[in-house]
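Novice: Just the structure for this:
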Amino acid sequence: TKQIKPDMEVYDKNRAKAGDAFYAQAGTVVHGVHKDTPEAIKRMAEDVQKQKEKRDKFSRRRRHDPDADIDYINERNMKFNQKLERFYGTYTKDIKDNLERGTAV
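Specialist: Numbering: from 1, shown residues only. Next comes the predicted model:
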């Protein structure tokens, strides 16, 4: 809705036509006072579609890395292993390297 600029002439005309009902208070009946134009509805629908497309482009879902080593048996175990690697990876790096080379003691 940031990109939609209001038409001030139509706004002023609607405000004059609605009178006190434009700024409704506790006892004001506003049902049927305002009618949107088809152009305004079309503009808003297009803006909503643009917002939807923009949201779909920026997904937070992490993609699977096919080059990464598979050291898990399911999704929960994968997350657990990632957490372990994040906290203890610096301490276990030399042990992992020795295991891969086959020179572990």
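
Novice: What is the longest helix seen in the chain packed up against?
Specialist: Longest helix of the chain, by residue count under DSSP state H: helix 75-101. Contact here means 3 or more C-beta pairs under 8 Å, 6 or more residues apart in numbering; DSSP states H and E; on that basis helix 75-101 packs against no helix or strand. In short, each C-beta sits where N, CA and C put it, glycine included.

Novice: Show the average pLDDT along that helix.
Specialist: Mean per-residue pLDDT for helix 75-101: 89.

Novice: what stretches of the chain score poorly on pLDDT?
Specialist: Where the chain drops to pLDDT under 70, the residues are 1-2, 30, 33, 59-63, 104-105.

Novice: Report the central residue of it.
Specialist: The C-alpha lying nearest the average C-alpha coordinate of the chain belongs to Arg55 (C-alpha atoms, centre = their mean; 5.2 Å).

Novice: which residues of this structure fall in strands?
Specialist: Residue ranges of strands cannot be listed for the chain, since DSSP state E assigns none.
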